[in-house]
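Peer 1: My questions concern the predicted model and sequence given below.
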Amino acid sequence: MRSAVAGPAEAGGRLDVVLARLAGVSRAQAQKLIEGGAALLDGRRRPKDHPVQPGQTITWPDDGGAQPVDADLRAQAIDVAVAYEDDDLFVVDKPAGLVVHPAPGHQEGTLVNALLDRGISGGHGRRPGIVHRLDKDTSGLMVVTRTEAAYQQLVADMAARRIERTYAALVVGSLPQDEGTIDAPIGRHVRDRTRMSLHTARPRRAVTHFTVARRYDGYTLVDVRLETGRTHQIRVHFAALGYPVAGDAVYGRRPRPAGLERQFLHARRLAFPHPLERERRLVFDSPLPPDLSSFLAGLRPFADR
């Protein structure tokens, strides 16, 4: 059996929704596990809509109800930098413009297609090996699993906040403090379902920590560490403060600056315990890609004003 302890982010969530996220299965699969008695909360059977509280332990079968890789997925020759690999996982440095896994509108040409012939596995058959995601136009480090065991452990590590993810973000304007924490729940926008927002009917806890790295004329470069990993979290949080990520066409509400073709957001550091060799801690760093470093070089440091 596999298990994971619910954290603050799961507080009050339905058992089927929480299990689906922790086990990396669809909600329908999670419901089957619960209704069949294969998934337990603190060792007891509970209905699928039972609210989960922090500190409670959810257990489920070793295979997690995982599906085989969808037969219609095919490997494609897409160049992706691999920072590390072993029998259990890959750490890839995803380029901007690459979608992580197939979805409506992006059935091929994804990171999953790029890695398929290298043996990725775990979780959902349509997005095998995908433990966490980056937006299409966000570059940087991601871990992708090659085995079901690695997938299940990394999902549990993600829920327990044992995976450290640090981003470099350039925001518009001058942040008033040198460091801080944004603790504001987010969810689907009440009217526009394609966007995330603080104005939502189903808020989920979202926590972002930041430290100013350097100030420029009209911009602030920040190191951002995620405590939670909600969709578009960094972009939504800084936009809500009034300092949107530079180049963000969705949440920035202003034209992109000349010379920047996407949001200035890069997953620059990834650190986590190896999923199977627990005594090993893996740490990876990725420099800013050329498009972002070139834009930054053209800015005037604040001290030069």
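Peer 2: Structure's in. What do you need?
Peer 1: so where's the longest helix in the chain?
Peer 2: helix 148-159 (DSSP state H).
Peer 1: got the CA positions of that helix in PDB?
Peer 2: Listed next in PDB are the C-alpha coordinates belonging to helix 148-159 (Å, rounded to 0.1, in the frame of the first residue of the first chain):
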ATOM      1  CA  GLU A 148       5.300   3.900 -10.800                       C
ATOM      2  CA  ALA A 149       7.100   3.700  -7.500                       C
ATOM      3  CA  ALA A 150       9.000   6.900  -8.100                       C
ATOM      4  CA  TYR A 151       5.900   8.600  -9.200                       C
ATOM      5  CA  GLN A 152       3.900   7.700  -6.100                       C
ATOM      6  CA  GLN A 153       6.700   8.700  -3.800                       C
ATOM      7  CA  LEU A 154       7.300  12.100  -5.500                       C
ATOM      8  CA  VAL A 155       3.600  12.900  -5.400                       C
ATOM      9  CA  ALA A 156       3.700  12.200  -1.700                       C
ATOM     10  CA  ASP A 157       6.800  14.300  -1.300                       C
ATOM     11  CA  MET A 158       5.100  17.100  -3.200                       C
ATOM     12  CA  ALA A 159       2.100  17.000  -0.900                       C
END
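Peer 1: buried ones in the helix or strand following that helix?
Peer 2: Remark: after helix 148-159, the chain's next helix or strand is strand 164-172, criterion DSSP states H and E. Residues 165, 166, 167, 168, 169, 170, 171, 172 are the ones in strand 164-172 that count as buried (16 or more other C-beta atoms under 10 Å). C-betas here are computed from N, CA, C, even on glycine.
Peer 1: Would you mind checking the average pLDDT for stretch 289-305?
Peer 2: Stretch 289-305 carries an average pLDDT of 88.
Peer 1: Distance from it to the middle of the chain?
Peer 2: 27 Å (C-alpha atoms, centre = their mean, to the nearest Å).
Peer 1: Would you mind writing the CA trace of that stretch as CSV?
Peer 2: Presented in CSV, the C-alpha positions along stretch 289-305 are these (Å, rounded to 0.1, in the frame of the first residue of the first chain):
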residue,chain,number,x,y,z
PRO,A,289,17.7,31.1,-20.9
PRO,A,290,19.1,33.5,-23.6
ASP,A,291,15.8,35.3,-24.2
LEU,A,292,15.4,36.3,-20.6
SER,A,293,19.0,37.0,-19.9
SER,A,294,19.2,39.2,-23.0
PHE,A,295,16.1,41.2,-21.9
LEU,A,296,17.5,41.6,-18.4
ALA,A,297,20.9,42.9,-19.8
GLY,A,298,19.0,45.7,-21.6
LEU,A,299,17.5,47.1,-18.4
ARG,A,300,19.0,49.8,-16.3
PRO,A,301,19.8,48.9,-12.7
PHE,A,302,17.9,51.0,-10.2
ALA,A,303,21.1,52.3,-8.6
ASP,A,304,22.1,53.8,-12.0
ARG,A,305,19.1,56.2,-12.1
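Peer 1: which residues are contacting that stretch?
Peer 2: Here stretch 289-305 makes contact (C-beta atoms under 8 Å, 6 or more residues apart in numbering) with 95-96, 139, 168, 170, 174, 214-219, 221, 257, 259-262, 264, 266, 287-288.
Peer 1: which residues pair with residue 220 across the strands?
Peer 2: Per DSSP bridges, residues listed as beta-bridge partners of residue 220: residue 171, residue 215.
Peer 1: Which residues are in contact with it?
Peer 2: Contacts of residue 220 by C-beta under 8 Å, 6+ apart are 170, 171, 173, 174, 175, 212, 214, 243.
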